[in-house]
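Trainee: Got a predicted structure here, sequence first:
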Amino acid sequence: MAETTGISWCDRTWSPWIGCTKISPACDGCYAAHLMDTRLGRVEWGPHGERARTSESYWRNLAKWDCEAKAAGKIISVFPSLCDPWDNAADPGIRREWFAVMRETPNLMHLLLSKRPQNAVAMAEAAGGLPDNAALGATCENQEVANRNVRHLLDAARDLYPAFTFVSAEPLLGPIDFTWIDYGIVSGHRVIRNALKDCAIERIDWVITGGETDQGAHKARPSHPDWFRSIRDQCAKAGVPYHHKQNGEWQDGSAFGPAFGRTEHRIIYRDDASGPHTRDFCLQRDREGLHAGQHPTVVSRVGKKAAGRLLDGVEHNGMPEVHHG
């Protein structure tokens, strides 16, 4: 809850309230919940936990940052890292107050990232409408969640006209093809949508990827490097800005040579199956007919700092175009 942040894709973190409930596999290693458990202790996480409004002095930071941004002639991006904007358990009155402050701080861009994009339209309208300086985002950790959340995100964009839309595929726990989003059966026909295709309103404007990090007792699950590469290439082909935040705790094991024997390793397949790097596990996959075409890769637990942000030697810092004023 400070003025600066280590998150590479935003300028500031600020939350109108603290508290949430874990609702998807991406929540298993929730940074905010771990922070409450180990350092801040402000609220109990979960469906029956409190959603505690942050202090008046803390809220005044938004006006201060807005003045700084105006003086510098730039936009400062703000991410509510300790809550979900569309949380069913949050007080609608706090959300209305928050949106009113957004409208009073036009030099800030509020990045409304959520695991509940299906709630965006109703809750935004109840809060007086989505402010012009708000972007809508959805977390998508695998294809199943992407099929659901991308549809809700783009439906909300059609109704609310955000500054832009974005997806955070962090932690990335399985492959995602954003050019093949399955909307399900509509009027007797299966609808497949290319969510990166150029479109005036209903398009993903920015994609963030990242690997998982350890949070207390929760140990990070590895991501296959090809999952990152695929999303990078999808974005490049579509002309969509791509930002790779981090590799997480794991990295391609082939990069470590002599150090290979001194760390933990797992073998991971493109279909998101993973297991210990042992002959027995590989033979089991072969017997089940699941090995072919899955490009198994050995990944090594080296720690977040050592794993870094590079993908094939390149740091990807793509950002959406935001116009000042």
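Mentor: Right, received. Where do you want to start? Everything numeric here is computed off the predicted structure, so don't read it as measured data.

Trainee: And residue 94, how close does it get to residue 137?
Mentor: 20 Å (CB to CB, to the nearest Å). C-beta: built from backbone N, CA, C; applies to glycine.

Trainee: and what of residue 234?
Mentor: Residue 234 is 17 Å from residue 137, by CB to CB.

Trainee: give me the low-pLDDT residue ranges for the stretch 51-200 of the chain?
Mentor: 200 (pLDDT under 70).

Trainee: burial of residue 83, as a residue count?
Mentor: 23 (other CB atoms under 10 Å).

Trainee: Am I right that it is in contact with residue 13?
Mentor: No: when contacts are counted by CB atoms under 8 Å, residue 83 is not listed as touching residue 13 (10.7 Å).

Trainee: So for residue 234 and residue 137, which residue has more residues nearby?
Mentor: Per other CB under 10 Å, whichever of residue 234 and residue 137 has more neighbours is residue 137, with 25 against 21.

Trainee: Which helix or strand contains residue 22?
Mentor: Residue 22 is part of no helix or strand when elements are defined by DSSP states H and E.

Trainee: give the contact list for residue 252.
Mentor: Residues near residue 252 by CB atoms under 8 Å, 6 or more residues apart in numbering: 225, 297, 298, 299, 300.

Trainee: Just want the phi and psi numbers for the first one.
Mentor: The phi/psi pair for residue 225 (degrees, to the nearest 10) reads phi -50, psi -30.

Trainee: Kindly report the same for the last one.
Mentor: Per-residue torsions, residue 300: phi -120, psi 140 (degrees, to the nearest 10).

Trainee: Would you confirm that residue 203 contacts residue 196?
Mentor: Yes: between residue 203 and residue 196 there is a contact at 6.8 Å, judged by CB under 8 Å.

Trainee: neighbour-wise, which of those two wins?
Mentor: residue 196 (23 against 17).

Trainee: doesn't residue 233 make contact with the more buried one?
Mentor: No: contact between residue 196 and residue 233 fails when scored by CB under 8 Å: they sit 11.0 Å apart.

Trainee: Skip the chain neighbours and tell me the closest residue to residue 216.
Mentor: With CB to CB, 6 or more residues apart in numbering as the criterion, residue 216 has its nearest non-adjacent residue at 5.0 Å, and that residue is residue 34.

Trainee: if I pick that neighbour, what's in contact with it?
Mentor: With the criterion set at CB under 8 Å, 6+ apart, residue 34 makes contact with 215, 216, 218.
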